[in-house]
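Participant: From the sequence below, what's the structure:
(one chain, ligands or ions: 1)
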Amino acid sequence: MKFQILPFKPHSEKERTRSVPFNNDSTARTPKRRAVLRFGLIWPVVASFVSGCATETPRVLPEPAASFPAEPSPPKALIAIIIDDVGHNERALPDAIALTAPVAFAILPGLPRSERLAETLSRGGFEIMLHQPMEPASDNMDPGPGCIDAAMTPQQIEAVLARNLEQIPLARGVNNHMGSKATASPQVMEVVLQFLAGRGLFFVDSLTTSSSVCKKVADRSGILIAVRDVFLDNVLTREHISGQLQKLRRLALKNGQAIGVGHFHPLTLRTIEELAPSVEEEGVEFVFVSEVIHRMQDKPTGENVGVLREENGSPMDGNGDTGRLLDGDQSRGMPLRSPPPSRPRGR
Ligand SMILES: [Zn+2]
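Facilitator: Numbers count the residues shown, from 1 in each chain. The predicted structure follows:
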């Protein structure tokens, strides 16, 4: 007996229709249909015999669908940008609203445009923070209204924070405006951080001085804070901002996340918008700063200890707070009560 394996041929439309199996309607079993069914029962026996005798290469069956989920890709490095000193004017508002990257805007309290800008930017889908004025080391600098002075009592500090947050109720976190004197005071920072933790608000140390004790106090108190890594626009040129964004990207890839702080300038915002896609290309993602802090919660303590790095004493906080700077994320994870971001914009 001689058998021949016929090349595989997909069913024609007509054949497919015809050989629909398991039709329970017995009236449908016409003689022709019965023949088809019978053939269907015999064919597997014949086929197995054929496959045992034939010398031709058996038809290769298609790969079964993968039954296991694909290997999860490693989490992307996160970049968060805070734009602060918001409240003086609305010149940069059109560029802010046009941003597609998720950005947090830190609003100064007590300025004529503070509340309106907070509302407009929040409606635009951005994260809102309170940019809390804190006493600088130099008497020549004016931190503006709603400032926390290093000599204040705990009650005074809490009253100032409560009043400022009342003005910016949309704030989900706080960072310091100036503050090279106040953030160097453990007594002040203890009160500030405890107060914010009690309200479920996160804190980002703008790191306007290397004498800042924010991180030390936070660790001691079991409060999670983040620390600014890079100032984006101390020199207000496209080239400088571009270089700082690349630096931010390198730090994010090295540490898993990085936080950049820029100011409410049209050029800063336009440059971020223009360069964000290329910064984000490989393994890096722009997110709200609250998301960076949530990621930090999952990390074991002791990770991401940054490198002490000195920068020139250029103005560090828009209005001229200066100091020797630490560069690198020195945050570590502790529980935080802040909720996750509500409306990531994502590109
Ligand atoms: Zn500031």
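
Participant: so Lys215 makes contact with Asp205?
Facilitator: Yes: the criterion here is C-beta atoms under 8 Å, and Lys215 meets it with Asp205 at 6.5 Å. To be clear about C-beta, it is placed using only N, CA and C from the backbone, and glycine gets the same treatment.

Participant: Give me the common contacts of these two.
Facilitator: By C-beta atoms under 8 Å, 6 or more residues apart in numbering, Lys215 and Asp205 have these common neighbours: 225, 227.

Participant: So which of those two has more stuff around it?
Facilitator: Asp205 (25 against 19; other C-beta atoms under 10 Å).

Participant: Tell me the confidence at the residue in the chain that the ion sits nearest to?
Facilitator: For the chain, the residue positioned closest to the ion under C-beta to the ion is His177, at a distance of 3.5 Å. As predicted, His177 sits at a pLDDT of 98.

Participant: Show residues contacting whichever strand or helix holds it.
Facilitator: Secondary structure assigned from DSSP states H and E places His177 in strand 173-178. Here strand 173-178 makes contact (C-beta under 8 Å, 6+ apart) with 82, 84-85, 104, 106, 108, 127, 129-136, 141, 143-144, 161, 182-183, 196, 201-206, 208, 214, 228, 261, 289-290, 293, 317-319, 321, 338.

Participant: what bridges to the residue of the chain closest to the ion?
Facilitator: Per DSSP bridges, the residues bridged to His177 are Pro133.

Participant: For stretch 110-124, list every residue counted as buried.
Facilitator: Residues 111, 113-115, 117-118, 120-122, 124 are the ones in stretch 110-124 that count as buried (16 or more other C-beta atoms under 10 Å).

Participant: Backbone dihedrals for Glu273, please?
Facilitator: phi -60, psi -40 (degrees, to the nearest 10).

Participant: Equivalent analysis for Leu224, please.
Facilitator: Dihedral angles for Leu224 - degrees, to the nearest 10 - are phi -90, psi 130.

Participant: thinking it is in contact with Met296, fair?
Facilitator: Yes: between Leu224 and Met296 a contact is recorded at 6.5 Å, counting by C-beta under 8 Å.

Participant: Could you list the low-pLDDT ranges of this protein?
Facilitator: The model of the chain has pLDDT under 70 over residues 1-69, 299-347.

Participant: In it, what residue spans correspond to strands?
Facilitator: For the chain, the strands defined by DSSP state E cover 77-86, 103-107, 127-134, 173-178, 202-205, 225-227, 230-231, 257-263, 284-286.

Participant: Which strands border the fifth one, and is each parallel or antiparallel?
Facilitator: Taking DSSP bridges as the criterion, strand 202-205 sits next to strand 173-178 (parallel), strand 225-227 (parallel) in its sheet.

Participant: Any idea how many residues pack against the residue of the chain closest to the ion?
Facilitator: Around His177 there are 28 other residues, counting by other C-beta under 10 Å.

Participant: got it, and Leu193?
Facilitator: Residues near Leu193, counting by other C-beta under 10 Å, number 23.

Participant: What separation is there between the residue lying closest to it once chain neighbours are set aside and Glu281?
Facilitator: Sequence neighbours aside, Ile223 is the residue nearest to Leu193 in space, at 4.9 Å (criterion: C-beta to C-beta, 6 or more residues apart in numbering). Using C-beta to C-beta, to the nearest Å, one obtains 35 Å as the distance from Ile223 to Glu281.

Participant: From Arg295, how far out is Ala218?
Facilitator: Distance of Ala218 to Arg295, computed by C-beta to C-beta: 17 Å.

Participant: Between these two, which has more neighbouring residues?
Facilitator: Set Ala218 next to Arg295 and count neighbours by other C-beta under 10 Å: Ala218 wins out with 25 against 17.

Participant: Fine, thanks again, bye for now.
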